[in-house]
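**Student:** predicted model and sequence follow; I will ask about them next.
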Amino acid sequence: MSAEQDSSTESFESLEAHAYQLEVRQNLLLSTPALIVLFCAASGTLLIMLVFSFLTPGDYGGIKWQFSTEAWFQVAFYRDIFDETVSIADAHLSIFWRSVKLSFLTTLVAFVLGFPTAYFIATRSPETRNLWLFLVTIPFWTNLLIRTFAILEIIRNQGLVNTVLIALGVIDQPLDMLYTDIAILLGMTYVYIPLMILPIYASMERFDFQLVEAAYDLYATRWRVLVRVILPLVKPGVIAGSILVFVPSLGAYVTPRVLGGGKHLMIGNLIELQFGQGRNWPLGAALSLTLLVIVMVALIFYVRSAQKEGGAHGH
Amino acid sequence: MATSSRPFSIKRMPGFSLLALTCFFALYMPLAPLVVYSFNAGDNIALWEGLSLRWYVSAWENDLVQSAAIRSVVVAVIASVVATSLATMAALGTTRTRPYRGQTSIYAMVNQPLMVPEIVTAVALLIFFALIKESTGYHGYAYLISAHTAFCIPFAYLPIRARLEGMDRVLETAAADLYATPWRSFTRVTLPLLLPGILAGAMLAFVISLDDVVITEFVKSAGQDTLPTYMLGQLRRTITPEINAISTVLLGVSVVMVTIIFFLSRKKA
């Protein structure tokens, strides 16, 4: 800075700074009402849940204001009521394991079906592309409960699938598909597959097929083109789709409740149980926070890999 | 064509089209029996006995269904109107502006309900509202409406922000050059241009609120069933085609709304 700086430049700069301050203040004022509602009826309540996870359960649900770490202990361990012996909470761990396993399988099946579908849409002509895309968008925004109910109806013993299979002579007796892990897997894949197709399509839409042509010119096989050229370039979409399917599957509540029939619980149902018959609100809070931590780890993994992708391409 | 094999296309992947068409078929096929059996004359949800609207009539005449339907619509209208207003303000405060401290935090907070599993939000709200209910004794609809408003905000925010990002500041600058007050330039220039985004956001929020099961199930007080939670309760009992009729109506509402949103957000500013 020179000492003989023009005074008019200086006042212009201070005016600029003042205008910027006003703009920022206005922006904050505009955003505040939404933030207040979100804090009171969404993010802020998570803090209260954290407090609750360190309290003692009340006799008829609710809590007693007494500090305790018992709820967190109960997430993974079981203490016998009579002789106080401690063992691993098999029931909880098997439910956690089922949730992770089913969510992983859902993601896998959704990818195997969703990737070719996204590829199919991306290789249509621009006019028809929108129509196909629209056909994926509609189920995405329709009621999850209704779509789960639709699956319930077709896999029942007298449902469409069994009726057709019996009519074709493939089976004599109806297959008991309802209230099994397979039913939950089928339902979750059905419900969440648009979340896999849409992001993969989004990254494929910009894909330059000249790269594929170049690979074929260099005598690449179709499989090699797919695995070495197309897949690496649409990887961000695949990762985004996988996270978008995995996260809601892990927290699924409606689908396992309707299709699992109360026997095949997932984490969501285990949490609900603590607020119903279980009457253990602190444990319910601790289980919810455990689920939240798993989800956050998955999201951080996603953000990391998305940043790495962005860095690798240099723009 | 004389040749037996298809011409080599660089875009073709063997089996992909078949898998894709199977996928589209699988997306829609399960909905067909649901809709068809809602028009069944018989009592059974598996045995076709002729065309009839009796289940629609019976659903409409069922007091529980009727009050749940009215409740669903009232909650969805209030929540989507409030959420869209708040989201529009937040979008104006975070888009097309010079970067400022806290901008990313605001963005993260607005989208937070999308990242947290619904069941976690539902449980947290149950706990928080139980505390308030205990200390105030109030058991009304404010809980349900504020919960719905909160999770609708990000859904309303995203299309509004997308629309706003595509709008050029030049028009507002021109208005200011012509001595329009900031308020006048907002109501006469910004708002009309932003309207398709606001409408898309509001409809999205409406559909999301109307379809919500999990949060409503945990937040509602006794006697505050919405259509989806009423249906969830009924699935535990014997299912009558009445459920199919309600589902078909809800499905129809969603499809119509989504179609409109799709075309609203297609056209760029």
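**Tutor:** Here it is on my side, so go on.

**Student:** need the three-state assignment for whichever residue of the stretch 101-250 of chain A sits closest to chain B.
**Tutor:** Closest residue of the stretch 101-250 of chain A to chain B, Cβ to the nearest Cβ: A:Phe120 (3.4 Å). All C-beta spots, glycine's among them, are computed from the backbone N, C-alpha and C. Assigned with DSSP: H, G, I helix; E, B strand; the rest coil, A:Phe120 falls in the helix class.

**Student:** which residue is the nearest non-sequential neighbour of it?
**Tutor:** B:Ala20 (3.4 Å; Cβ to Cβ, 6 or more residues apart in numbering or on different chains).

**Student:** backbone dihedrals for the one you found, please?
**Tutor:** With angles defined as degrees, to the nearest 10, B:Ala20 sits at phi -60, psi -40.

**Student:** need the contact list for A:Leu141.
**Tutor:** Slight slip there: residue A:141 is Trp, not Leu. B:204, B:207, B:254, B:257-258, B:261 (Cβ atoms under 8 Å, 6 or more residues apart in numbering or on different chains).

**Student:** one step back: pLDDT value on the residue of the stretch 101-250 of chain A closest to chain B, please?
**Tutor:** On pLDDT, A:Phe120 comes in at 94.

**Student:** I'd say it and B:Ser17 touch.
**Tutor:** Yes: here A:Phe120 reaches B:Ser17: they are 5.7 Å apart, a contact under Cβ atoms under 8 Å.

**Student:** which stretches of the chain have low pLDDT?
**Tutor:** I'll assume chain A. Applying pLDDT under 70 to chain A picks out residues A:1-8, A:309-315.

**Student:** not what I meant, chain B
**Tutor:** The model of chain B has pLDDT under 70 over residues B:1-7, B:45-46, B:266-269.

**Student:** if you drop the residues flanking it in sequence, what lies closest to the most centrally placed residue in chain A?
**Tutor:** The geometric centre of chain A, computed from its C-alpha atoms, lies nearest to A:Val247 (Cα atoms, centre = their mean), at 2.3 Å. Nearest residue to A:Val247 in three dimensions, chain neighbours excluded: A:Val295, at 5.4 Å (Cβ to Cβ, 6+ apart).

**Student:** for chain A, what is the nearest residue in chain B?
**Tutor:** Proximity of chain B to chain A (Cβ to the nearest Cβ) peaks at B:Pro117, 2.7 Å away.

**Student:** leaving out chain neighbours, which residue sits closest to that residue?
**Tutor:** Nearest residue to B:Pro117, sequence neighbours excluded (Cβ to Cβ, 6+ apart): A:Gly251, at 2.7 Å.

**Student:** pretty sure the one you found is touching B:Val120, no?
**Tutor:** Yes: using Cβ under 8 Å, A:Gly251 is in contact with B:Val120, at 6.7 Å.

**Student:** joint contacts of those two?
**Tutor:** Any residue near both A:Gly251 and B:Val120 by Cβ under 8 Å, 6+ apart counts here, and that gives A:291, A:295.

**Student:** same question for stretch B:76-84: list its buried residues.
**Tutor:** Residues of stretch B:76-84 classed as buried: B:76, B:78-84 (neighbour count, 16 or more other Cβ atoms under 10 Å in any protein chain shown).

**Student:** ok, stretch B:87-101 next?
**Tutor:** By 16+ other Cβ under 10 Å, the buried positions in stretch B:87-101 come out as B:87-95, B:97, B:100.

**Student:** residues contacting that stretch, please?
**Tutor:** With contacts defined as Cβ under 8 Å, 6+ apart, stretch B:87-101 is touched by A:20, A:23-24, A:26-31, A:33-35, B:103, B:106-107, B:110, B:153-154, B:156-157, B:160-161, B:164-165, B:167, B:169, B:190, B:194, B:198, B:201, B:205.

**Student:** then stretch B:25-34?
**Tutor:** Contacts to stretch B:25-34, defined as Cβ under 8 Å, 6+ apart, come from residues A:113, A:135-136, A:139, A:146-147, A:149-151, A:153-154, A:159-160, A:190, A:193-194, B:244, B:247-248, B:251.
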